[in-house]
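Undergrad: quick one: sequence plus predicted model below, questions after.
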Amino acid sequence: MGDTLGGARTGARAGGARIRYALALAWRSGRFQILGYGTLELVAAVVPVGAAWLTKLALDAIVGRSIGGTALAWLGGGLLAAGLTAAVLPHLSRYLRQELERRIGLTAQDRLFAATERLTGLARFENPVFLDRLALAQGAGGSTPGMVVFGVLAVCRGAITIVGFLGSLLMISRWLALAVLLAAVPVLAAELRLSRLRAAMMWRISPMERREIFFQRMLASVQAAKELRLFGTTRHFRDLMTAERREADAQRRRMDRRDLITQSGLGALAAGIAGAGLLWALFTARAGGFTAGDIPLLIASVAGVQTAVASLVSELTQAHHKLLLFDHYLTITASGPDLPVPAEPQPTPPLRRGIEIRGVWFRYSPEHPWALRELNLTIPSGRSVGLVGRNGAGKSTLVKLLCRFYDPERGAILWDGVDLRDMDPAELRSRIGAVFQDYMEYDLSAADNIGLGDVRDRDMDRVRAAARRAGVHDALAALPRGYDTLLSRLFSAKPGHDDDHEVGVHLSGGQWQRMALARAFLRDRRDLLILDEPSSGLDAEAEHEIHTRLREHRAGRTSVLISHRLAAVRDADLLVVLDRGRIVEQGAHAELMARGGTYAKLFTLQADGYQPAMDVPAP
Ligand SMILES: Nc1ncnc2c1ncn2[C@@H]1O[C@H](COP(=O)(O)OP(=O)(O)OP(=O)(O)O)[C@@H](O)[C@H]1O
């Protein structure tokens, strides 16, 4: 086992597994680009050594007057070819590199989001460690496999160049060759250490970066703009954002300084060795120990080895740094589903008898208090259930469990007698229609906003019928492009056009809520309809109208309706009152009123609010 870097394994075996995975991913994404890039790297490795030797041979021949015109022309032609190759090669390499990066980025992103799609529950998305890991994985996943390929090829290229130049140096001076070689060892060690420190620093600052992004989005969002301005909190959030940036920058700066000191030291060492070697060579040449061509070959060899080591080390450290972060990508893509799904799930049949909640205890994590305690309830098929209770009583939690976004810690939820845990969550959800309290407002067209309720069977007539039923059809039909109007202030309808008419429109809060309802209505062939505060944003008249429609819609269907307006739920076949995670009362409206308990008190309180005050003296 290796040690850990914010959960990233740093042992040799883990490193080997990461390299193998990265190389396989790169190969699958663009094998021809890798082969092409590898060939160019090979050429790039031998060209400088060849050019140095051609120069030496030409100079020696000219000074010694021992060469004919044809041979000299060949040498000159060789040098010209080397020059041309050196001029064109980097551009070709860059093109192939970028193409490979694009292909790898696409594959890696697709795999990452396919992995997040496998997470059928919500718990991981509420876990900050997972979110930090996901942010780092997004960055590292697309670039690491490419960096590993480039790193491996850079090692091959560097090794060929170094061997070529060291061989040349060896022919001139063994000691100089050894000194240049030894100088490369601390460079490599120091760079790898810097790379590890940088990866650890990035893990430390990732929560700050996420908070900074949160503040940035808030300061630039339309939703937040009103409240921030009214409360005068813009400055407050700007200060918080700046503080996060300063703290992250301080850590980056510390790392950059460390980098600066180490790199400068290593650079000075290399320059010292090169300078000393050159001085020695000049004196040796003056004493007649070298030919005229030996000097440029020696200079080119020292510089060539140092450049090759530097670029090899730079590619290697980048690959090493990315590999450390790549662990986050691997952890996410290799992680199994967050909610256990049996190898052979039981089919989810159409609901015939009902849903039984049997002795359910649930909390969001062991650190959280119980949100549901010993819940026992039956939702009979074809009946409507109204869930009521104070804020935080556990109503929304219960419907999230019905959709199996979480599993109960104790007890079970049975769908016609089958435990939800024995079913495939996707199949279960295909039988459920829902409007959640925090429904989505998609930056898409009006038709898409509704059509997403049933992507498998999207039909404009059904979309319009759902909009009519939710009472939003007239508003949508009156939009500049009708149902095709983009409902967004983020995106322009036609990218690149500033024309006001092309800018998307935004609906009112109540209209958005009707859109969410229409989306749920599109799923009207489902067995269970869940409505969590479906009318909280509507005016009194609209609320009455929607609830009348909902009543018609719910008749004979299995539904669970949550509402704080008790008049809206009073007609439910069964009313369930929750208090601090427990069911304290259940029964029909008349029954509960007769009992005079919590429900009766709340209902009377609300009803009184709508009665004219009798004791107000007439004017
Ligand atoms: N994602 C979460 N993580 C941790 N605790 C949560 C989470 N969601 C809800 N809770 C807690 O669980 C308890 C029940 O919350 P729930 O949202 O189910 O209440 P509710 O009855 O729907 O309230 P409201 O009427 O305000 O919508 C509350 O104490 C709440 O703080």
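TA: All right, it came through fine. Computed from a predicted structure; not experimentally measured.
Undergrad: pLDDT weak spots in the stretch 401-550 of the chain?
TA: For the stretch 401-550 of the chain, residues meeting the criterion pLDDT under 70 lie at 489-504, 537.
Undergrad: all helices for it, in order.
TA: Ranges of helices in the stretch 401-550 of the chain, per DSSP state H, counting those that start in this stretch, are 425-429, 446-451, 460-469, 473-477, 509-521, 540-554.
Undergrad: what does the fourth one rub up against?
TA: It refers to helix 473-477. With contact meaning C-beta atoms under 8 Å, 6 or more residues apart in numbering, helix 473-477 is reached by Ala446, Arg464, Ala467, Gly482, Tyr483, Thr485, Leu507, Gln511, Arg514. For the C-beta atoms, the positions are set from N, CA and C on the backbone; glycine is no exception.
Undergrad: tell me the buried residues within those residues.
TA: Those of the contacts of helix 473-477 that meet the buried threshold are Ala446, Arg464, Ala467, Tyr483, Thr485, Leu507, Gln511, Arg514, by 16 or more other C-beta atoms under 10 Å.
Undergrad: quick one: residues contacting the first one.
TA: Taking C-beta under 8 Å, 6+ apart as the criterion, Ala446 is in contact with Ala467, Leu476, Leu479, Gly482, Tyr483, Asp484, Thr485, Leu487, Met515.
Undergrad: how close does the residue in the stretch 151-300 of the chain that the ligand sits nearest to get to Leu112?
TA: Going by C-beta to the nearest ligand atom, the ligand is nearest to Phe214 of the stretch 151-300 of the chain, at 17.1 Å. To Leu112, Phe214 is 21 Å away according to C-beta to C-beta, to the nearest Å.
Undergrad: which one of these two has more residues nearby?
TA: Neighbour count, other C-beta atoms under 10 Å: between Phe214 and Leu112, Leu112 has more, with 19 against 14.
Undergrad: in the stretch 151-300 of the chain, which spans are helices?
TA: Under DSSP H, counting those that start in this stretch, the stretch 151-300 of the chain gives helices at 174-219, 222-231, 234-286, 294-334.
Undergrad: output the contacting helices and strands for the third one.
TA: Contacts of helix 234-286 with other secondary structure elements, assessed using 3 or more C-beta pairs under 8 Å, 6 or more residues apart in numbering; DSSP states H and E, are made with helix 174-219, helix 294-334.
Undergrad: so which bits of the stretch 1-150 of the chain are right by the ligand?
TA: When proximity is defined as C-beta under 6 Å from any ligand atom, the stretch 1-150 of the chain approaches the ligand at Glu126.
Undergrad: need the contact list for whichever residue of the stretch 1-150 of the chain sits closest to the ligand.
TA: The nearest approach of the stretch 1-150 of the chain to the ligand comes at Glu126, 5.0 Å away (C-beta to the nearest ligand atom). Residues near Glu126 by C-beta under 8 Å, 6+ apart: Tyr364.
Undergrad: so what's the residue count around Ala310?
TA: For Ala310, the neighbour count with other C-beta under 10 Å is 18.
Undergrad: give me the distance between it and the ligand.
TA: 50 Å (C-beta to the nearest ligand atom, to the nearest Å).
Undergrad: contact partners for Leu531?
TA: By C-beta under 8 Å, 6+ apart, the neighbours of Leu531 are Ala434, Val435, Ala520, Leu550, Ser559, Val560, Leu561, Ile562, Ser563.
Undergrad: which among those residues gets closest to the ligand?
TA: Nearest to the ligand among the contacts of Leu531, with distances taken as C-beta to the nearest ligand atom, is Ile562, at 6.7 Å.
Undergrad: phi and psi next, for that closest one.
TA: Phi and psi for Ile562, reported as degrees, to the nearest 10, are phi -110, psi 130.
Undergrad: that one touches Leu402, doesn't it?
TA: No. When contacts are counted by C-beta atoms under 8 Å, Ile562 is not listed as touching Leu402 (11.3 Å).
Undergrad: higher neighbour count, those two?
TA: Between Ile562 and Leu402, counted using other C-beta under 10 Å, the more crowded position is Ile562 (27 against 20).
Undergrad: mind listing what that one touches?
TA: With contact taken as C-beta under 8 Å, 6+ apart, Ile562 is in contact with Gly386, Leu387, Val388, Lys395, Ser396, Val399, Gln437, Leu531, Asp532, Glu533, Val569.
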